[in-house]
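K.L.:
Can you look at this prediction? I've put the sequence above it.
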Amino acid sequence: MALFKPAFYRVLFAVEGDAEFDIQSISKRLNVIPSTAKRYIRELLKKGYIREIRPGLYALTDEGTALKNSLKNLLEKKVEENLGYVLTDPSTGNPVPVKITNIYQLYAIVKYRLVPENILLEHIRRDYLAKWIRDVLEDLDLADFLENNRDISINEFLDVLEERLKILNSIRSVLGM
């Protein structure tokens, strides 16, 4: 999962669909000076989320569009109660009295240790949580990250979730939320 300054992600949401854009249009849309917009674009170019079509003109890459869609799903998707994630104790199969229906609830469960650490880590190790994040929350980026980091610690996972929430908060202003 590419993590850098949350404000950089705002560029993805300042772009309408597959439209081409330049530094001036991003600067105006994000209400930042052109040098700041240029820095944001430069970082996104390095990460492969945007590409330069010709000098001074840019477009989102497939990876950029996928990340934009993943983040947008986290902000907008309403998960029905029956699709909520239920943690179970792997040793007994008994459900833990917690159901997760969004990224904010997942964050609270991890931050405040509302579920025993070993249970949560086992769900990560077995890819159960990643599969739910992919299929229900539709955050492919976070799901891929978990699948590639099955041995993550609770504190590392908390850091990833906190970074994700910072990104979501940063892009809310662009979406007018």
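P.N.:
Received it, and whenever you're ready, just let me know what you need.

K.L.:
show me the contacts for the residue sitting furthest away from the middle of the chain.
P.N.:
In the chain, counting by CA atoms, centre = their mean, Thr92 sits farthest out from the average C-alpha position, at 31.9 Å. By CB atoms under 8 Å, 6 or more residues apart in numbering, Thr92 lies in contact with nothing. Placement of C-beta: from N, CA and C, glycine included.

K.L.:
That one: which element?
P.N.:
Following DSSP states H and E, there is no helix or strand that holds Thr92.

K.L.:
Pull out the buried positions in stretch 107-127.
P.N.:
Buried residues in stretch 107-127, counted by 16 or more other CB atoms under 10 Å: Tyr107, Ile109, Val110, Val115, Leu120, Leu121, Glu122, His123, Ile124.

K.L.:
List the contacts of stretch 54-65.
P.N.:
Counting by CB under 8 Å, 6+ apart, 12, 15, 18-23, 41, 44-45, 48-53, 68 sit against stretch 54-65.

K.L.:
Can you report phi and psi for the closest residue to Val136 other than its chain neighbours?
P.N.:
In space, Val136 comes closest to Leu83 once its chain neighbours are excluded; the distance is 5.1 Å by CB to CB, 6 or more residues apart in numbering. Backbone torsions of Leu83, given as degrees, to the nearest 10, read phi -100, psi 0.

K.L.:
tally of neighbours for Leu83?
P.N.:
Other residues within reach of Leu83, judged by other CB atoms under 10 Å, total 13.

K.L.:
pLDDT weak spots in this structure?
P.N.:
Low-confidence segments of the chain, defined by pLDDT under 70: 1-4, 177.

K.L.:
Show me where this protein has its helices.
P.N.:
Counting by DSSP state H, residue ranges of the helices within the chain are 10-14, 23-30, 34-47, 62-76, 103-111, 117-125, 128-132, 140-148, 154-175.

K.L.:
got the angle between the last one and helix 23-30?
P.N.:
Following axes from the mean of the first three to the mean of the last three CA atoms, to 10 degrees, one obtains 100 degrees for the angle between helix 154-175 and helix 23-30.

K.L.:
Next, the angle helix 140-148 makes with helix 154-175.
P.N.:
Helix 154-175 runs at 170 degrees relative to helix 140-148, counting by the same axes, to 10 degrees.

K.L.:
Helix 154-175 packs against which elements?
P.N.:
On a contact count with 3 or more CB pairs under 8 Å, 6 or more residues apart in numbering; DSSP states H and E, helix 154-175 meets helix 10-14, helix 62-76, helix 103-111, helix 117-125, helix 140-148.

K.L.:
Could you export the fourth one as CSV, CA atoms only?
P.N.:
Provided in CSV are the C-alpha atoms of helix 117-125 (Å, rounded to 0.1, in the frame of the first residue of the first chain):
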residue,chain,number,x,y,z
GLU,A,117,-5.5,-9.5,19.5
ASN,A,118,-5.0,-13.1,18.7
ILE,A,119,-8.4,-13.4,17.1
LEU,A,120,-8.0,-10.4,14.9
LEU,A,121,-4.5,-11.4,13.8
GLU,A,122,-5.7,-14.9,12.9
HIS,A,123,-8.4,-13.4,10.7
ILE,A,124,-5.7,-11.4,9.0
ARG,A,125,-3.3,-14.4,8.7
